[in-house]
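Asks: Mind looking at a prediction? Sequence and model below.
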Amino acid sequence: MKTTFATQLQKYSFLLIFPTLFFLGCKGLDISNPGPLPALPSPDSEVNVPLVFPKKTLNRLINSQIPNQLIAQDDLEIGNGIEGNLSLSRNGQILSSALDSQQMTIQLPMKIQGEIGLSQSGLGSLFRGKVPIDNEFAPTFKLNPEINPDWTLSVKDFELLSLGGNLSLDVLGMQVDLSKMLEREIKQWAAEYFQPDQKLVNLKPIVDLAWEQVGRPFQVDWQQGVSGFSIRPKRVMFKEFFDQNENLTIWMGLAGQIQTHPADATPSRAFPLPNLSENTSDENTLKILLPTAISFDELDQILGENLNGRSFRVDSKTVLTLDELRSKAFGELIAIETDFVADRSNGKTVDGRLFVVGKPSYDSEAQALTFEDVNFKVISDQSSANFGIALKKRKIIRQIEKLAVFPIGDLLQESTEGIRERLGLNTPIADLQIENLEIIPEGFYPSANGLRIYVQANGNVGVNWK
């Protein structure tokens, strides 16, 4: 009795397998409902660099900005009936040091040259002799340099701390102290040039020259053609201060988006930079999201080289041949329609179409676009095709996953070189270069016209001070 029951159960189970497989092969995939296309991420990118200026670099920069000739005046009224012709010029290297996180001092070695004597009125008409002056001194100034949002440089809290020298002279038996005169002249000069609202230097032209090098649109030449890219800056972040070691520290950041263009429509110039905003990050980081695309025609060409006309055995009696591959979007998946012919060893042939869907993914070892979670539906007027192909579904899926490969290694390589070249910067005080750059596909997004590939670049910025 038990044996009879087991035999009947095996018989009914065997009979149930075929309708089940037939149902899975024909009804498991609803090709009429692909679902919505995925939303494309915003290609937001950012780079942030903490720059710590070595003292020698900062001193060299300051020395390069202050002219040799500082003050030159003729017929200067010194006081007490004394006048003269005086010239103030630099006399050696300027030294700087930090007072706190915002203020600094500079010691400016000077030479005062000229001559003084009695004014031409009164006794000066009798004593026309002049006393030559050739003295050295090193005044110390306190100041708070500040870079404004419009890229201009201002100086706040300018103060003369010390003249740094004795400037007393003997003029016809009279002791003349030039210290007060010099202090007055320097303060008058500072009052004219160092007002809080006085914009001393416009840094924008200098920054624009550097940005024209870094921000200029570039092209990536890869297997499927040439694509153009441009950087649209949204924010430029900036913060400057002196650290505990008295080093000038600048946090410089840029946030924006990478835009894609056809090769013949790539902009020729960099987009303009916005005004400065405060930077709160001290990280050294580079994060770039590079959007590129593969059209379905291009995808068909590469996949067709691997699949069109390709035959593979699905069992000992059946050889399946695919041809006329066509791809398109299927919601968040890629659909591949292909004709097939199944040749049986008994001489019978069945044909139809396979509607294959799969999720695009990245094989890091092969550096290729592949497909996972592959499924398909058989479309044929021959019921034997629907039934027979469904029986071999797993093996067919494995073959499709193996052959449906789209190499993108050259895209990653060209993207790497393009980013390295574009974001490297050479300046008179330092060279900046991209380091530890890693580029991987961040995601694949089917669209109406093709497959969008977002390439993520991560790294940091190295600085070589001069």
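Replies: Perfect, I can see it now. Residues are numbered from 1 along each chain as shown.

Asks: Could you use CA atoms for every contact and neighbour count after this?
Replies: Fine.

Asks: so who does the closest residue to L248 other than its chain neighbours touch?
Replies: Leaving out its chain neighbours, the residue that sits closest to L248 by Cα to Cα, 6 or more residues apart in numbering is F242, at 4.5 Å. Taking Cα atoms under 8 Å, 6 or more residues apart in numbering, we find F242 in contact with A98, D100, S101, Q102, L248, T249.

Asks: for S96, same thing?
Replies: N59, M104, T105, I106, Q107.

Asks: switch to 6 Å and redo it
Replies: By Cα atoms under 6 Å, 6 or more residues apart in numbering, the contact list for S96 reads T105, I106.

Asks: And K111, by the same measure?
Replies: By Cα under 6 Å, 6+ apart, the residues touching K111 are L88, S89, N91, N135, E136.

Asks: do the same with K199
Replies: Neighbouring residues of K199 by Cα under 6 Å, 6+ apart: T152, L153, S154.

Asks: which outside residues touch the helix or strand hosting L299?
Replies: L299 is part of helix 296-307 when elements are defined by DSSP states H and E. Helix 296-307 is contacted by residues L325, R326, S327, L403, A404, G450 when judged by Cα under 6 Å, 6+ apart.

Asks: what's near enough to touch the fifth one?
Replies: Spelled out, that is A404. L303.

Asks: do you know how far it is from I66?
Replies: Using Cα to Cα, to the nearest Å, we find A404 at a distance of 66 Å from I66.

Asks: With the fourth one instead?
Replies: L403 is 68 Å from I66, where distance means Cα to Cα.

Asks: So for these two, which sits in the more crowded spot?
Replies: L403 (17 against 12; other Cα atoms under 10 Å).

Asks: Apart from its chain neighbours, what residue comes closest to the more buried one?
Replies: Nearest non-adjacent residue to L403, counting by Cα to Cα, 6+ apart: N306, 5.8 Å away.

Asks: can you give me the helices for the stretch 201-350 of the chain?
Replies: Counting by DSSP state H, counting those that start in this stretch, the stretch 201-350 of the chain has helices at residues 204-214, 296-307.

Asks: which of those helices sits most buried?
Replies: helix 296-307 (a mean of 18; mean count of other Cα atoms under 10 Å).

Asks: quick check, distance from it to the centre of its chain.
Replies: Counting by Cα atoms, centre = their mean, to the nearest Å, helix 296-307 is centred 33 Å from the centre of its parent chain.

Asks: thought A293 was touching N449?
Replies: No - in this structure, A293 is not within contact of N449 by Cα atoms under 6 Å, at 9.2 Å.

Asks: still on that earlier bit, which of the contacts of K199 are buried, as a PyMOL select command?
Replies: Command for PyMOL, covering only those of these found buried under the criterion 16 or more other Cα atoms under 10 Å:
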select buried, resi 153+154
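
Asks: Adding distance to T427, pLDDT and neighbour count, write the contacts of F242 out as a markdown table.
Replies: Formatted as a markdown table, the contacts of F242 follow (distance: Cα to Cα, whole Å; pLDDT from 0 to 100; neighbours: other Cα atoms under 10 Å):
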| residue | distance to T427 | pLDDT | neighbour count |
| --- | --- | --- | --- |
| A98 | 25 | 91 | 21 |
| D100 | 28 | 92 | 14 |
| S101 | 26 | 91 | 16 |
| Q102 | 25 | 91 | 15 |
| L248 | 18 | 88 | 22 |
| T249 | 17 | 92 | 18 |
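
Asks: so which of those would you say is closest to W211?
Replies: Using Cα to Cα, T249 comes nearest to W211 of the contacts of F242, at 20.6 Å.

Asks: In contact with the closest one, which residues?
Replies: If you count contacts by Cα under 6 Å, 6+ apart, T249 has them with L51, V52, E240, F241, F242.

Asks: Look at the closest residue to it other than its chain neighbours and tell me its secondary structure.
Replies: Once flanking residues are discounted, T249 sits nearest to V52: 4.5 Å by Cα to Cα, 6+ apart. Put simply, V52 is strand when judged by DSSP: H, G, I helix; E, B strand; the rest coil.

Asks: how much space is there between V52 and L58?
Replies: Distance of V52 to L58, given as Cα to Cα: 10 Å.

Asks: what's the least confident helix or strand in this protein, going by average pLDDT?
Replies: The helix or strand of the chain with the lowest confidence, counting by mean pLDDT, DSSP states H and E, is helix 2-27 at a mean of 39.

Asks: Could you report the separation of K56 from E246?
Replies: From K56 to E246 the distance is 12 Å (Cα to Cα).

Asks: out of the two, which sits in the more crowded spot?
Replies: Set K56 next to E246 and count neighbours by other Cα under 10 Å: E246 wins out with 18 against 14.

Asks: for that one, what are its contacts?
Replies: Neighbour list for E246: A98 [criterion: Cα under 6 Å, 6+ apart].

Asks: one more time with 8 Å, if that's ok
Replies: Neighbouring residues of E246 by Cα under 8 Å, 6+ apart: S97, A98, L99, D100.

Asks: shouldn't the second one be in contact with T105?
Replies: Read it as A98. Yes - judged on Cα atoms under 8 Å, A98 makes contact with T105 at a distance of 6.2 Å.

Asks: Bridge partners for the residue nearest to N68 when sequence neighbours are not counted, pull those for me.
Replies: The shortest distance from N68 to any non-neighbouring residue, by Cα to Cα, 6+ apart, is to R90 (5.0 Å). Beta bridges link R90 to M110, judged by DSSP bridges.

Asks: Quick check: the spatially closest residue to Q69 that is not a sequence neighbour vs N135, distance?
Replies: In this structure, Q69 finds its nearest non-sequential neighbour in S89, 4.5 Å apart by Cα to Cα, 6+ apart. S89 sits at a distance of 11 Å from N135 (criterion: Cα to Cα).

Asks: What's the separation between the residue nearest to T249 and L95?
Replies: Distance of V52 to L95, computed by Cα to Cα: 18 Å.

Asks: what does Q65 give?
Replies: On the measure of Cα to Cα, Q65 and L95 end up 13 Å apart.

Asks: what residue ranges in the chain score low on pLDDT?
Replies: Applying pLDDT under 70 to the chain picks out residues 1-28, 78-81, 118-129, 170-174, 193, 196, 200, 222-224, 383-391.

Asks: quick one, domains of it?
Replies: Listed domain ranges for the chain are 34-52+203-466, 66-201 (source: automatic domain parsing).

Asks: can you give me how far the first one is from the chain middle?
Replies: I take that to be domain 34-52+203-466. Counting by Cα atoms, centre = their mean, domain 34-52+203-466 is centred 17 Å from the centre of its parent chain.
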